[in-house]
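Colleague: Got a predicted structure here, sequence first:
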Amino acid sequence: MYVDSEVSRLHTVLLHRPGKELARLTPRNSGSLLFDGIPWVGRAQEEHDGFAEALRARGVEVLYLDRLLAETLAVPAARAELTAGVLADRRLGDGLRAGVAAYLADQDPDRLAEVLIAGLAHEEVKPGGGSLVYEMLQPNDFVIDPLPNLLFTRDSSVWVGDRVAVTSLAMRARRRETTLTHAVYRYHPRFAGTELLYEPALEHVEGGDVLVLAPEVLAIGVGERTTPAGAERLARRVLSAGLAHTVLAVPIAQERATMHLDTVCTMVDADAVVMYPIVADTLRAWTITAGAGDELMVRPPRPFLEAAAEAMGIDHLRVIDTGLDPVTAEREQWDDGNNTLAIAPRLCVAYERNVETNAQLEYAGIEVVRIRGSELGSGRGGPRCMSCPIKRAPLRESGPG
Ligand SMILES: NC(=O)NCCC[C@H](N)C(=O)O
């Protein structure tokens, strides 16, 4: 397990194939569950399988979060922790809590993993004794909330060097996701001995805001999801662990269209980004380095592209624009045109629908593996959001794409 860049050859990635949790979305709950539409579940699964196949065809090992979770639940301590987590929900009341506890205790690890991801509706559970809560709930109300955004594995954990940061998700609909990733990284044998860089109880940081610009250089977006306190905490941790010499804190607009830094900027080569033109000249960055003792040195903001190039030790960070004109750029940014996943330098996966941005990438010498994503995109995330790289070749050893 090792990640020191956004673009070096990708060996292992963590995905989540969307399942029954997507079928929980309705026009009434999709807004609070952070989806902009009601996805066609079967087609979303086909699109996701196409994504996974595109990665496998290029030598990438694909791990699935639901499999890892089921294997993790075979460990009694993990099962106890995750079960206790959902039972602690104060909305349940004692009667329903006992009913849900009995239901969960009956499930094998595979089904328990499914329940923890897809949630549990009122009509699926029958408490034995009296439960006012159960009586007063509507049949479609959730007893355990579904996690449709687990699809976006980028946000719930981030690898930096040989450590993993289990993040602290800001939106209520997503908070429980990190109880799952936290358990997987601590109990699954594949990750035995991995040190955690960050934990869900800390200040808010989401993985879509964290870009490993180069070995020992991180950019952290600060906006709707990651707070200044979260960026400061993560910066302190990576600097003191020797995993970074420089961290850039990059304010982004607190809007849905730009919820994470990776919605406006992703890397496609060791010295190139695809970026939303409207922000290219206005993005700024505070530069954070280690000071004396435990102190941080925080330098005042300056243009992001300049600060990044200097920290990365390059003359210039090349910028490839989203779209061609402002309207196309706005449309394609919304549809995750900026949200590419690099498999190797100059080789990336992108949604096929972002025709102009993909053409711009190719014009700049980047090979684009196009995938379908009309249903997946209804959750507002693209290939980078849907993937958590766990192992990449060290950047210095990475060949061309
Ligand atoms: N890194 C990303 O930009 N992830 C996309 C997350 C989309 C999800 N529906 C959310 O609102 O959190």
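Modeller: That came in fine, so what should we check first? Numbering: from 1, shown residues only.
Colleague: For the closest residue to T226 other than its chain neighbours, list the residues it contacts.
Modeller: Nearest residue to T226, sequence neighbours excluded (C-beta to C-beta, 6 or more residues apart in numbering): D209, at 4.1 Å. To be clear about C-beta, it is placed using only N, CA and C from the backbone, and glycine gets the same treatment. D209 makes contacts with I220, G221, V222, G223, R225, T226, A231, I252, H260, L261, D262, as judged by C-beta atoms under 8 Å, 6 or more residues apart in numbering.
Colleague: And A84, how far from the ligand?
Modeller: Distance of A84 to the ligand, computed by C-beta to the nearest ligand atom, to the nearest Å: 26 Å.
Colleague: I should have written E53 there, sorry.
Modeller: 22 Å.
Colleague: Which helix or strand contains that residue?
Modeller: helix 41-56 (DSSP states H and E).
Colleague: For that helix, which outside residues touch it?
Modeller: Contact with helix 41-56 is made by 10, 13, 15, 17-20, 22-23, 62, 151, 343, 349, 369, 371-376, 378, 383, 386-387, as judged by C-beta under 8 Å, 6+ apart.
Colleague: Spell out for me the PyMOL command that would select the buried members of the residues you listed.
Modeller: Selection of buried members from the contacts of helix 41-56 for PyMOL, criterion 16 or more other C-beta atoms under 10 Å:
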select buried, resi 10+13+15+17+18+19+22+151+343+349+369+371+372+373+374+375+376+378+383+386+387
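Colleague: Surely A311 touches A249?
Modeller: No - with contacts counted by C-beta atoms under 8 Å, A311 stays clear of A249, the gap being 11.9 Å.
Colleague: circling back: for the helix holding E53, buried residues please.
Modeller: V41, A44, Q45, E47, H48, G50, F51, A52, A54, L55.
Colleague: and which of these is nearest the ligand?
Modeller: A44 (13.0 Å; C-beta to the nearest ligand atom).
Colleague: Now for the residue nearest to the closest one when sequence neighbours are not counted: which residues touch it?
Modeller: Counting by C-beta to C-beta, 6+ apart, A44 lies nearest to E375, which is 3.8 Å off, once chain neighbours are set aside. Shown in contact with E375 (C-beta under 8 Å, 6+ apart): P39, W40, V41, R43, A44, E47.
Colleague: at 7 Å instead, please
Modeller: By C-beta atoms under 7 Å, 6 or more residues apart in numbering, the residues touching E375 are P39, W40, R43, A44, E47.
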